[in-house]
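*Asks:* coords please:
(one chain, ligands or ions: 3)
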Amino acid sequence: MEKQPRLFSSEFFHKNRQVELVLSRGVLAWRELDKGGKRGSDIKSAPETAHGHSVQVCEIVAVHKTEGDGKDQGSNRSRKKANKHVLLLPYAFTAFFVRRTQQHQWRCSEITFHCASHSLREQWIQALSEQLSSLTNRPKSLLVYINPYGGKRRGKRIYEQKVAPLFRHAGISADVIVTEYANHARDHLKTEANLDKYDGVVCVGGDGMFSEVLHGLVARTQSDHGVDQNQPDAQLVPCSLHIGIIPAGSTDCICFATIGTNDPVTSALHIIVGDSQPMDVCSVHHSDIFLRYSVSLLGYGFYGDVLTDSERKRWLGPARYDLSGVKTFLSHNYYEGSVSFLPAEDTIGNPRDKLRCRSGCHVCQHKPSSKDSEWDMSEEKEKFNEGGSGGWSVIRGKFIAINAACMSCACPRSPKGLSPSAHLADGTADLILVRKCSRLGFFRHLLRHTNKGDQFDHAFVEVHRVRGFRFQPRHQEPVSLEDLSEAPKKTRFGTMCSAQTTCGYGAAHSSWNCDGEILPHAAIQVSVQSRLIRLFARGIEEPQRFTFEDPSSPWALEPGTQQPAA
Ligand SMILES: Nc1ncnc2c1ncn2[C@@H]1O[C@H](COP(=O)(O)OP(=O)(O)OP(=O)(O)O)[C@@H](O)[C@H]1O
Ligand SMILES: CCCCCCCCCCCCC/C=C/[C@@H](O)[C@H](CO)NC(C)=O
Ligand SMILES: [Ca+2]
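*Replies:* Numbers count the residues shown, from 1 in each chain. Ligands and ions are numbered 1, 2, ... in the order given. Presented below is the predicted three-dimensional model:
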């Protein structure tokens, strides 16, 4: 293995102990020296490498001067930590960095290094700052929307207490808008916001709030590029701004499935380090009129009915889903219709394999052959949009649920998700068809979402990896053309047009749950838009392992280190 050259190495003090500090390309590492200046025991703070501790520069949040008299320019905590050595070692700096704790959670840790030389300290701060500024993916300026009514109504407090201090610490400026009504964020992004000022948009809230930001950004990007969203076969332009999610909703499935946890501090740190996760988005049309985008669940039947019922119980907070879930389960409705879909060929995964989408996922990085990748412009897509069936499979029947998921939809209720092997950025969605079955059978299927069982291993369930699909209910929907142009009206307490009641649908129809919003039509066309957006996330990380001979360890380096002059 090739060893990396050292850049900087110096001796500092940390908590009365002498340490060797090394800055090699992209890694800051330290290890304790004994009194004779030799390597000693470890200091607990950052991940252990072969003989010490290290942190990647790209996971350093900030580097601040710490005054010798104990006045830290960074935080109160480090000020308290100033010790009796400050008289002898009056110069210090503190590095704030990402530390992984349990269950994919990140925390901001800090370590302070003391020395006797002003210029040594300055050189280190300069070297580290230069490396940090070379990380061009990091946002400097953000536009933040807070939904004060999402989840348990804690969005504002979460942002002010847990997120804003971290952004300030990392030198990120943020313009904050606390939304005053539903769709405030969407409409502001669509028409008003001066997006040139920002490196990213952050939503504080749940999946519904994320959906507002998604719709605002995608619509704005298409109108800036003269693309008509109403054309189902339009080649949509990917958004240039990244989206960050600070979870403060009821399900927060998009945050959970892209980061691995619903934790505001972890999300804020992913934003600060400028992580980037591309994501597929489903575009949903009815009779060539654009309805909505979806990134998580598009569910007809069971999940549509749960949502319709739960919207009337918004005052209950997150518990509304449990109550409506039980009620919908007991009513055991099924719906007739036909589903046509275009199977995704030439992918290296399938919905029943065990290839879970994780950070750096190779399934998402796989380049499909030209046939599949060019499906956007293909004849099949044209035929699909014209209502034809070339290359398409058609399934007719009675369904308890028809679900489509662009990604796993993992969330605290279902840690592996609706489709555990779906991928965030492979250009496909998993289409899950649950046919009419017994109550007990459906209960078993649902229960397996919460445990290790395979929810697809039932005779009445089938799952297909698709690039697009269409649903046509058996009985025609009683809607007029004027209804098509407007999405359902929303109030502070949710969507007003409940599909089974106020829109005049019979029991023959359910409604579509589109990322937590009710769609006004049962007959829809869906097309997966590969990697349309990017999140400040990196996908769920596998646990990190360091081996003794880890070649990336800065202690496995060649000599030739520059010693900065003291
Ligand atoms: N100021 C506001 N007043 C009323 N509704 C709002 C406001 N701001 C946003 N909304 C709407 O509130 C709805 C729910 O918000 P959000 O997604 O944040 O929380 P949630 O529904 O509790 O969580 P989840 O979507 O994760 O289940 C969204 O559809 C959003 O459009
Ligand atoms: C008998 C036990 C039954 C447990 C059933 C658990 C099934 C949970 C599956 C949850 C999937 C959630 C997918 C996410 C959807 C979101 O888009 C949406 C908006 O937040 N949330 C819901 C609940 O519709
Ligand atoms: Ca996908």
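*Asks:* use CA for all of it now, contacts and neighbours both
*Replies:* Noted.
*Asks:* who's in contact with residue 255?
*Replies:* 245-247, 261-262 (Cα atoms under 8 Å, 6 or more residues apart in numbering).
*Asks:* hmm, 7 Å instead?
*Replies:* For residue 255, the contacting residues are 245, 247, 262, by Cα atoms under 7 Å, 6 or more residues apart in numbering.
*Asks:* equivalent analysis for residue 439, please.
*Replies:* residue 332 are the contacts of residue 439 under Cα under 7 Å, 6+ apart.
*Asks:* burial count for residue 88?
*Replies:* Neighbourhood size, residue 88 [other Cα atoms under 10 Å]: 11.
*Asks:* A helix includes it, no?
*Replies:* No. Secondary structure of residue 88 (DSSP: H, G, I helix; E, B strand; the rest coil): coil, not part of a helix.
*Asks:* coming back round to it: need the contacts of residue 255 in a markdown table with secondary structure, distance to residue 108 and pLDDT, can you?
*Replies:* Below are the contacts of residue 255 laid out as a markdown table (DSSP: H, G, I helix; E, B strand; the rest coil; distance: Cα to Cα, whole Å; pLDDT from 0 to 100):
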| residue | secondary structure | distance to residue 108 | pLDDT |
| --- | --- | --- | --- |
| 245 | strand | 18 | 98 |
| 247 | strand | 18 | 97 |
| 262 | coil | 16 | 97 |
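*Asks:* of those, which is the nearest to residue 417?
*Replies:* residue 262 (14.2 Å; Cα to Cα).
*Asks:* for the closest one, which non-adjacent residue is closest in space?
*Replies:* What sits nearest to residue 262 in space, not counting adjacent residues and going by Cα to Cα, 6 or more residues apart in numbering, is residue 256, at 5.4 Å.
*Asks:* buried ones in stretch 400-416?
*Replies:* 400-412, 414-416 (16 or more other Cα atoms under 10 Å).
*Asks:* contacting residues for residue 198?
*Replies:* Contacts for residue 198 were tallied using Cα under 7 Å, 6+ apart; they are 141-143.
*Asks:* of those residues, which is the most crowded?
*Replies:* residue 142 (24 neighbours).
*Asks:* leaving out sequence neighbours, find the closest residue to it.
*Replies:* Leaving aside its chain neighbours, residue 142 sits nearest to residue 174 (4.7 Å; criterion: Cα to Cα, 6+ apart).
*Asks:* so that neighbour, which state does it fall into?
*Replies:* Going by three-state DSSP: residue 174 is strand.
*Asks:* and it, what's its pLDDT?
*Replies:* pLDDT for residue 174: 98.
*Asks:* separation between it and ligand 2?
*Replies:* Going from residue 174 to ligand 2 by Cα to the nearest ligand atom, to the nearest Å gives 26 Å.
*Asks:* re earlier: also within reach of ligand 2: list those from the buried residues of stretch 400-416.
*Replies:* 409, 414 (Cα under 6 Å from any ligand atom).
*Asks:* let me know the closest of the buried residues of stretch 400-416 to residue 536.
*Replies:* If you rank these by distance to residue 536 using Cα to Cα, residue 407 comes first, at 16.2 Å.
*Asks:* which parts of this protein sit against ligand 2?
*Replies:* With the criterion set to Cα under 6 Å from any ligand atom, the chain comes near ligand 2 through 207, 251-253, 296-297, 307, 321, 409, 413-414, 418, 443, 446-447, 449-450, 515-516.
*Asks:* if any of those are buried, give me the PyMOL selection for them.
*Replies:* With 16+ other Cα under 10 Å as the criterion, this PyMOL line picks the buried residues out of the residues of the chain next to ligand 2:
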select buried, resi 207+251+252+253+296+297+307+321+409+414+418+449+450+515+516
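*Asks:* and ligand 1, which of the residues of the chain next to ligand 2 reach it?
*Replies:* Of those, the ones that also sit near ligand 1 (Cα under 6 Å from any ligand atom) are 207, 251-252, 516.
*Asks:* which one of those sits closest to residue 395?
*Replies:* Using Cα to Cα, these come closest to residue 395 at residue 516, 25.7 Å.
*Asks:* thought that closest one was touching residue 208?
*Replies:* Yes. Shown here, residue 516 and residue 208 form a contact pair, counting by Cα atoms under 7 Å, at 6.2 Å.
*Asks:* what sits against the residue sitting nearest the centre point of the chain?
*Replies:* Against the mean C-alpha coordinate of the chain, by Cα atoms, centre = their mean, the closest residue is residue 258 at 3.6 Å. Taking Cα under 7 Å, 6+ apart, we find residue 258 in contact with 537-540.
*Asks:* near ligand 3, which residues of the chain show up?
*Replies:* Listed as neighbours of ligand 3 in the chain under the rule Cα under 5 Å from the ion: 406-407, 423-426, 428-429.
*Asks:* among the residues you listed, which one has the most neighbours?
*Replies:* Of all the residues of the chain next to ligand 3, residue 429 has the most neighbours under the rule other Cα under 10 Å, reaching 37 neighbours.
*Asks:* so, low pLDDT: which residues of the protein?
*Replies:* Applying pLDDT under 70 to the chain flags residues 1-6, 34-51, 68-87, 368-390, 478-506, 545-566.
*Asks:* for it, list the residues in contact with ligand 1, please.
*Replies:* 147-151, 179-183, 205-209, 212, 249-252, 492, 516.
*Asks:* which among those residues end up buried?
*Replies:* Looks like the residues of the chain next to ligand 1 have 147-151, 179, 182-183, 205-209, 212, 249-252, 516 buried, using 16+ other Cα under 10 Å.
*Asks:* mind checking which of those residues land in helices?
*Replies:* Using DSSP state H to define helices, the subset of these located there is 207-209, 212.
*Asks:* what's around the nearest residue to residue 471 once chain neighbours are set aside, how many residues?
*Replies:* Once flanking residues are discounted, residue 471 sits nearest to residue 339: 4.6 Å by Cα to Cα, 6+ apart. Here the number of neighbours of residue 339 (other Cα under 10 Å) works out to 22.
*Asks:* could you dump the helix or strand containing residue 339 to PDB, C-alpha only?
*Replies:* Per DSSP states H and E, residue 339 falls inside strand 335-343. C-alpha atoms of strand 335-343 as PDB (Å, rounded to 0.1, in the frame of the first residue of the first chain):
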ATOM      1  CA  TYR A 335     -60.000  -1.700  -4.300                       C
ATOM      2  CA  GLU A 336     -60.200  -2.900  -7.900                       C
ATOM      3  CA  GLY A 337     -58.100  -1.600 -10.700                       C
ATOM      4  CA  SER A 338     -55.300  -2.300 -13.100                       C
ATOM      5  CA  VAL A 339     -51.600  -1.500 -12.600                       C
ATOM      6  CA  SER A 340     -49.300  -1.300 -15.600                       C
ATOM      7  CA  PHE A 341     -45.600  -1.000 -15.000                       C
ATOM      8  CA  LEU A 342     -42.300  -0.900 -16.900                       C
ATOM      9  CA  PRO A 343     -39.900  -3.300 -15.200                       C
END
